[in-house]
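Student: Sequence first, predicted model second:
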Amino acid sequence: MALPLPPALSDTIVALSTPPGAGAIAMLRLSGPEAISLTDAVFAGKRLHAQPSHTLHFGTIRDGERILDEVVVSLFRGPHSYTREDVVEISCHGSDYIVQQLLALLTRHGARLAEAGEFTKRAFLHGAFDLAQAEAVADLIAADSALSHQVAMQQMRGGFSQELRELRGQLVKFAALLELELDFGEEDVEFADRTGLVALLQEIQTLVRRLLRSFELGNVIKNGVTTVIAGKPNAGKSTLLNALLNEERAIVSAIAGTTRDLIEDEVSIEGIRFRFVDTAGLRDTTDVVESIGVERTKKRVAQAAMLLYLFDITSTTPAEVQAEIEALNPGRQIPMLAVGNKRDVASDLEIAAFEPLPDTVLIAASRGDGLPDLQQALLRRVRGEGLDQLGSATIVTNLRHAQSLEKTNSALDSVLRGLAAGVGTELLAADLRHALAALGEITGEISSDDLLTSIFTQFCIGK
């Protein structure tokens, strides 16, 4: 259902919807009640007001007698447009000068420069889609891997929203019965079956918790995994980084302490983005610059989402490796893998000593041996048990959604505790309202101007 439009959103707005900077083509988008007539005033070609929707028209944009550019105008009449308003898109040559001249001309004729995300905000307010779907539009634009694209597309097409609507619809039915009991409070009647309510709440809570568990993977899919490669000097950290990236990104040398600063780059492994960070070798040193690098390594490890502790199989014992890991990552609070390097020059006895250790992969970074095993081990640690197959499962990628689901789960806990304790209908109804409100925040059924402003200002101007 469309929401009432604030007065400012009844203006006709205009913005550049392609990236700024010189290019072959640029596209300006207008939306609002005067989008067609305003364009007609500067367009020399067919009269747009007489043309049908979803048509293209060639002509020129003129400022008086002066021709600014030859353009193609796309015409979309509301409600059959992205914003559900009249929309005109002007494709012109991609000169910065031309774009600025056109924007200035259109604003002089009555258009207002759009705010960040205002086109999508209007689409939401006109009921084209809900808030979760609107946020997925931004995620789709930012998608840089197959998985992030897949998840954003599923959410934009309403998969997540549909699941939430079904959950909320079931709660609404029971909430309505509880509210009915309050209306007949003096007659001491129960319209809502308490046993059925407990079963329903438990079922809904199971689904909510599954969605919450999926956020760990969803956050990884959306934002990537910062993975720090740490270890002693000459363990092969830079060689491993180069092998993972399949390029000579870091300098490799037999001289200990070559890497003194952080070197970072990204690679996608089966659709999940990893940001690998090569670090200075961990050792006590009197070299001032190298010691700064060691301190930066320790700080970066503390901020990492994943740690690869690299060690030389030929010069380290299992006990030493465990002690080094404990010193760097006490209690293994940061998810990690121990990676034994130089398997190609190690003896059978040295290899055999490390093979039984859990969360340990043996490789030869200089030759690329064992890299597929390392990549699969990384994916297993990131995806987590039960989340290995995405399929059609809903994945939560948005922190705001996760926070609302946490509030929903907490409110459902309160209702279940209240039912077990036999509390009054009024308290049960209040907790159910909190659960419904938290779910409604995700899709925008319950929203505030501050929330909408916060969300849509994260969009680019032309979207």
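Tutor: Noted; the coordinates are in hand.

Student: List the contacts of A132.
Tutor: Q155, F160, S161, L164, N398, H401, I442, T443, G444 (CB atoms under 8 Å, 6 or more residues apart in numbering). (Glycine included, C-beta is placed from N, CA and C.)

Student: what about Q376, which helix or strand?
Tutor: helix 371-383 (DSSP states H and E).

Student: distance between that helix and the chain's centre?
Tutor: Relative to the chain's own centre, helix 371-383 is displaced by 22 Å; criterion: CA atoms, centre = their mean, to the nearest Å.

Student: same thing with stretch 351-371?
Tutor: With CA atoms, centre = their mean, you get 33 Å for stretch 351-371.

Student: and that stretch, which residues are buried?
Tutor: Going by neighbour count (16 or more other CB atoms under 10 Å), the buried part of stretch 351-371 is A353, F354, T360, V361, L362, I363, A364, A365, S366, G370, L371.

Student: how about the nearest residue to the first one, chain neighbours excluded?
Tutor: Spelled out, that is A353. Leaving aside its chain neighbours, A353 sits nearest to P318 (5.6 Å; criterion: CB to CB, 6 or more residues apart in numbering).

Student: Now do the lengthiest helix in the chain: which elements does it pack against?
Tutor: Using DSSP state H, we find that the single longest helix of the chain is helix 194-223. Helix 194-223 sits against helix 146-156, helix 159-183, helix 371-383, helix 399-421, with contacts defined as 3 or more CB pairs under 8 Å, 6 or more residues apart in numbering; DSSP states H and E.

Student: Give me the helices and strands touching the second one, please.
Tutor: Using 3+ CB pairs under 8 Å, 6+ apart as the contact definition, the elements that helix 159-183 packs against are helix 131-142, helix 194-223, helix 425-443.

Student: Out of those, flag the one nearest Q101.
Tutor: helix 131-142 (26.8 Å; CB to CB).

Student: what inclination does the closest one have with respect to helix 146-156?
Tutor: 150 degrees (axes from the mean of the first three to the mean of the last three CA atoms, to 10 degrees).

Student: Spit out the contact partners of I67.
Tutor: Shown in contact with I67 (CB under 8 Å, 6+ apart): A44, T60, I61.

Student: Can you name the residues bridging to S91?
Tutor: M27, V72 (DSSP bridges).

Student: what domains does the record give for the chain?
Tutor: Using automatic domain parsing, the domains assigned to the chain come out as 7-129, 139-220+395-446, 230-381.

Student: what distance separates the shortest one from the centre of its chain?
Tutor: In this case it means domain 7-129. 29 Å.

Student: again, but for the longest one
Tutor: Once both centres are worked out by CA atoms, centre = their mean, domain 230-381 turns out to sit 28 Å from its chain's centre.

Student: Also stretch 214-233?
Tutor: Distance, centroid of stretch 214-233 to centroid of chain: 14 Å (CA atoms, centre = their mean).

Student: start to end distance for it?
Tutor: Taking CA to CA, to the nearest Å, stretch 214-233 runs 38 Å from one end to the other.

Student: mind listing what's buried in that stretch?
Tutor: 214-215, 217-222, 224-233.

Student: just stretch 28-39 next, same as before
Tutor: L28, R29, L30, S31, G32, E34, A35, I36, L38, T39.

Student: can you check stretch 69-77 too?
Tutor: For stretch 69-77, the buried set under the neighbour-count rule, 16+ other CB under 10 Å, comprises D69, V71, V73, L75, F76, R77.

Student: Could you tell me the angle between the longest helix of the chain and helix 159-183?
Tutor: Using the same axes, to 10 degrees: helix 194-223 against helix 159-183 is 150 degrees.

Student: Show me the helices in the stretch 251-400 of the chain, by range?
Tutor: Assigned by DSSP state H, counting those that start in this stretch, the helices in the stretch 251-400 of the chain fall at 288-303, 318-328, 348-354, 371-383, 399-421.

Student: With just CA atoms, put the fourth one into PDB.
Tutor: Taking Å, rounded to 0.1, in the frame of the first residue of the first chain, the C-alpha atoms of helix 371-383 are listed here in PDB:
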ATOM      1  CA  LEU A 371      46.300 -24.300  -2.400                       C
ATOM      2  CA  PRO A 372      42.900 -25.900  -3.400                       C
ATOM      3  CA  ASP A 373      42.800 -27.700   0.000                       C
ATOM      4  CA  LEU A 374      43.600 -24.400   1.700                       C
ATOM      5  CA  GLN A 375      40.800 -22.600  -0.200                       C
ATOM      6  CA  GLN A 376      38.300 -25.300   0.700                       C
ATOM      7  CA  ALA A 377      39.300 -25.100   4.300                       C
ATOM      8  CA  LEU A 378      38.800 -21.400   4.300                       C
ATOM      9  CA  LEU A 379      35.300 -21.800   2.800                       C
ATOM     10  CA  ARG A 380      34.300 -24.400   5.400                       C
ATOM     11  CA  ARG A 381      35.300 -22.100   8.200                       C
ATOM     12  CA  VAL A 382      33.500 -19.100   6.700                       C
ATOM     13  CA  ARG A 383      30.300 -20.800   5.700                       C
END
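
Student: what residue ranges in the chain score low on pLDDT?
Tutor: Of all residues in the chain, those with pLDDT under 70 make up the ranges 1-9, 144-145, 179-194, 247-262, 281-294, 384-393, 446-452, 454-455, 458, 463.

Student: can I assume L30 is in contact with L38?
Tutor: Yes - contact criterion CB atoms under 8 Å: L30 and L38 qualify, at 6.7 Å.

Student: what residues do these two have in common as contacts?
Tutor: Common contacts of L30 and L38, defined by CB under 8 Å, 6+ apart, comprise T12, L106, A111.

Student: nearest spatial neighbour of the first one, skipping sequence neighbours?
Tutor: This points to T12. Spatial nearest neighbour of T12, excluding adjacent residues (CB to CB, 6+ apart): G32 at 3.1 Å.

Student: which ones are touching that neighbour?
Tutor: Counted by CB under 8 Å, 6+ apart, G32 has contacts S10, D11, T12, I13, E85, D86, A111.

Student: do N398 as well
Tutor: A132, E135, D139, G218, K222.

Student: Distance to P330 for these - can I get that in TSV?
Tutor: Converted to TSV, those look like this (distance: CB to CB, whole Å):
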residue	distance to P330
A132	39
E135	37
D139	36
G218	28
K222	29
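
Student: Pick out whichever of these sits closest to I98.
Tutor: The shortest gap between I98 and any of the contacts of N398 belongs to D139, at 31.4 Å (CB to CB).

Student: wait, isn't that closest one in contact with M153?
Tutor: No - assessed by CB under 8 Å, D139 is found out of contact with M153, at 9.1 Å.

Student: So for the two, which sits in the more crowded spot?
Tutor: Remark: of D139 and M153, D139 carries more neighbours, 19 against 14, as counted by other CB atoms under 10 Å.

Student: Roughly how far does V361 sit from R343?
Tutor: Counting by CB to CB, to the nearest Å, the separation of V361 from R343 is 10 Å.
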